[in-house]
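>>> Have a look at this prediction, sequence included:
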Amino acid sequence: MRYLIIGGGVAGTTAAGELRRLDSSAEITIVCDEHHPLYSRVLLPLYLNGKVERERIFLKKESWYADQEIEWLRGDVAVRLNVKNKFVELLSGREIEYDKLLLTTGSEVRVIDADMRGVSYFRTLDDADHMSQLFLEQGEDAHGGIYGGGFIACEYLNLFGHFNIPIVLAHRGEHFWNGTLESSSGELMAKHLTEQGVELYSNADFKDLVGDKELTGFTTNAGDHKATLLGVGIGVGPDLSWLKDSGVETGAGIKADEYLETNVPGIFTAGDVAEFYHPILGRQLKLGNWMNSMSQGRAVAKNMVGDKAPFDLVSSYAMNVLGLDLIFVGDVEKAHSDQIHVIGSVEDGGITQVHERDGKVVGGVCLNRNTDRPTITTGIKEKASASDIVNTLSG
Ligand SMILES: Cc1cc2nc3c(=O)[nH]c(=O)nc-3n(C[C@H](O)[C@H](O)[C@H](O)COP(=O)(O)OP(=O)(O)OC[C@H]3O[C@@H](n4cnc5c(N)ncnc54)[C@H](O)[C@@H]3O)c2cc1C
């Protein structure tokens, strides 16, 4: 059996290892446009702030691929899929045939329409190395700018905070995570960041960079902001262009059923790029967290060798932003919630949102209320009524 995996992040590499374990005679190939063996994106901030050495962020050694007899085509890009003749064409011109195909291409960062030395993005190890160089060059003269109001903006907040770099942050919309947070949660977050000394601007659309060769600032419709470093975190989205006209159905991601199989039999997907049907949450959704990607990598390999087990993990994403604890569990998109119950308040310093659909709890967001997490997670798994969960957490 020939298994071809496009994308060598945690989902693809976990799947490759699991496929080898399940099928010792299989031919397994990973194609990835990055050059590094698997590393942890979650540890990248800790590498940058010096808490973890660079070598320790690698989760696989280069030798692992050969030891596992996995062909590892790094630095190459899948550019076309032919489902009729079952092959993928690479940028290098090579065509690779498969019996079963796994698409784990993750997400790409969205970029602003301007560039200058001092501007950075934060997705890859190469991005982190670039930032490390900028921190080194600028030292105490650095002024940190952040454009964005999501997870990556939070990573920049922690990094600049760690180095005691003054921070100005501008984001679109009323508050962080407009598609997820209720206004009181957004207010709590803004209050916390302001108390930590962050100069915060909402409803601020990016206009331009300021500087000659090197960055000195950036402008938004909220004003002119001083910054020698600008971290851009305006979201991520998958590059699905190479699948256009392939016959594989795409939407926000690559569409799949609860077995992580696409509409084309024998083609599977997993990780950040997968828009899969979640049997407990009852809809097709795309998630972007490590726990989900790694678990899907393991689960999809089993389904590729012939098992048929639905993927129904209720995953979560937890982080701390300059001292504020944040946890997202399950399905937290406002647009897909019938009702969002808010427990706690800005004055209390802690808020939990309970997301309800068809009377059931489907997701939760906890700000400084970590102990609510297990109740929400169990509630989602057991399809508990949202009002019962709200009563438990309010008691
Ligand atoms: C800085 C940072 C911090 C994070 N912190 C956390 C955290 O604390 N907790 C958490 O849960 N999650 C965190 N995440 C998110 C988490 O890392 C991701 O959800 C996870 O890495 C996704 O894994 P994946 O394998 O699906 O995709 P990826 O890791 O994105 O891997 C996909 C790979 O495929 C490659 N690729 C794409 N298209 C092609 C193509 N056409 N041909 C060949 N190769 C291609 C990509 O370049 C990439 O290398 C963080 C992410 C970042 C960037």
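Everything's here; your move. Numbers count the residues shown, from 1 in each chain.
>>> What residues sit buried inside stretch 353-368?
Neighbour-count burial for stretch 353-368 flags 353-357, 360-368 (criterion: 16 or more other Cβ atoms under 10 Å). Bear in mind the C-beta positions are built from the backbone N, C-alpha and C, glycine included.
>>> Export those as TSV, with columns for distance to residue 195 and secondary structure.
Shown next, in TSV, are the buried residues of stretch 353-368 (distance: Cβ to Cβ, whole Å; DSSP: H, G, I helix; E, B strand; the rest coil):
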residue	distance to residue 195	secondary structure
353	21	strand
354	26	strand
355	27	strand
356	31	strand
357	34	strand
360	36	strand
361	31	strand
362	32	strand
363	28	strand
364	25	strand
365	20	strand
366	19	strand
367	14	strand
368	13	coil
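>>> interface residues of this structure facing the ligand?
Residues of the chain found near the ligand (Cβ under 6 Å from any ligand atom) are 6-12, 31-34, 41-42, 44-45, 77-78, 104-107, 122-123, 155, 239, 242, 271-272, 288-291, 293, 317, 319.
>>> so residue 96 makes contact with residue 29?
Yes - applying Cβ atoms under 8 Å, one finds residue 96 in contact with residue 29, separated by 6.1 Å.
>>> Neighbours of the closest residue to residue 105 other than its chain neighbours, how many?
Leaving aside its sequence neighbours, residue 105 sits nearest to residue 7 (Cβ to Cβ, 6 or more residues apart in numbering; 4.2 Å). Burial of residue 7 is recorded as 25 neighbouring residues (other Cβ atoms under 10 Å).
>>> got the phi/psi numbers for residue 7?
phi 110, psi 120 (degrees, to the nearest 10).
>>> these two touch, right, it and residue 104?
Yes - if you go by Cβ under 8 Å, residue 7 and residue 104 touch, sitting 3.8 Å apart.
>>> what sits in contact with each of those two?
271, 273 (Cβ atoms under 8 Å, 6 or more residues apart in numbering).
>>> list the contacts for residue 85?
residue 97.
>>> on that earlier part again, shared neighbours, residue 96 and residue 29?
Residues touching both residue 96 and residue 29 (Cβ under 8 Å, 6+ apart) are 4, 73.
>>> Excluding chain neighbours, what is closest to residue 219?
residue 207 (4.4 Å).
>>> Who are the packing partners of the helix or strand hosting the one you found?
Taking DSSP states H and E as the criterion, residue 207 maps to strand 206-211. Judged by 3 or more Cβ pairs under 8 Å, 6 or more residues apart in numbering; DSSP states H and E, the packing partners of strand 206-211 are strand 215-220.
>>> next one: the strand it packs on to chain centre, how far?
How far strand 215-220 lies from its chain's middle: 27 Å, per Cα atoms, centre = their mean, to the nearest Å.
>>> mean confidence for the next helix or strand after it?
Where DSSP H and E defines the elements, the next helix or strand beyond strand 215-220 is strand 223-226. Average pLDDT, strand 223-226: 97.
>>> isn't residue 394 right up against residue 345?
No - if you go by Cβ under 8 Å, residue 394 and residue 345 don't touch, sitting 11.9 Å apart.
>>> What sits closest to the residue of the stretch 251-395 of the chain found nearest the ligand if chain neighbours are left out?
Using Cβ to the nearest ligand atom, residue 271 is the residue of the stretch 251-395 of the chain that sits closest to the ligand, at 2.2 Å. Leaving aside its chain neighbours, residue 271 sits nearest to residue 11 (2.8 Å; criterion: Cβ to Cβ, 6+ apart).
>>> Need phi/psi at the one you found.
Here residue 11 shows phi and psi, under degrees, to the nearest 10, equal to phi -70, psi -50.
>>> OK, contacts around the residue nearest to residue 105?
Applying Cβ under 8 Å, 6+ apart to residue 7 gives the contacts 30-32, 103-106, 271, 273.
>>> Kindly report the same for residue 181.
Listed by Cβ under 8 Å, 6+ apart, the contact set of residue 181 reads 175, 189, 353, 365.
>>> How about residue 28?
Counting by Cβ under 8 Å, 6+ apart, residue 28 touches 3, 5, 16, 19-20, 68-71.
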